[in-house]
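Undergrad: pasting the sequence and the predicted model now:
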Amino acid sequence: MTEQAVEQAQEVEQKRQAWVREHFQKANRFLAEKGVIPEKVIMEESRFLAPFVAIWKLESKQPKKQTYWVMSGDLPSDFVEASVAPNAREALRHFSMMWQMKAENLKQSGVTSDPTQAQFAALLISRAESLYKLYNDEKMWGRLS
């Protein structure tokens, strides 16, 4: 490997680490806004696909001790209790299905006549489809596992 290739690899890794830190902070802020105070991250079960998605397994101390899957990245942040999925891959599938249902509920309720709500429903559908493709990609999980 040339010196230039090594430098490029180091730069890519530094950018990836910065992205991971940024989205860890984003996930923590998101939880705090929901009244959940994270206490620790379970790194060995968390997964990152910069710059698209990070899925964190976090334990909270407030309002009560619980474990959550928290997602952040180039999509709306969201969280669920960890009991809904045994691992990060299944958590992505859960978020995908949940967002499809949310988008359908928005459409059915008629609020999508509001352009902002229509855009949000379209974003949920788009990201839900992307999450499902990621969930279904065996090659990707070989790299992320």
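TA: That came through fine. Since the structure is predicted, the reported quantities are computational estimates derived from the model, not experimental observations.
Undergrad: quick check: pLDDT value at residue 3.
TA: We have a pLDDT of 88 for residue 3.
Undergrad: what about it, distance to residue 13?
TA: Residue 3 sits at a distance of 16 Å from residue 13 (criterion: Cβ to Cβ, to the nearest Å). Glycine gets a C-beta too; all of them are placed from N, C-alpha and C.
Undergrad: and if you look at residue 138?
TA: 25 Å.
Undergrad: so between the two, which is more surrounded?
TA: Taking neighbours as other Cβ atoms under 10 Å, residue 138 and residue 13 compare with residue 13 leading, 10 against 6.
Undergrad: hey, where'd the helices end up in the protein?
TA: Taking DSSP state H as the criterion, the chain carries its helices at 3-33, 88-109, 115-136, 138-144.
Undergrad: identify the bridge partners of residue 53.
TA: Beta-bridge partners recorded for residue 53 (DSSP bridges): residue 49, residue 73.
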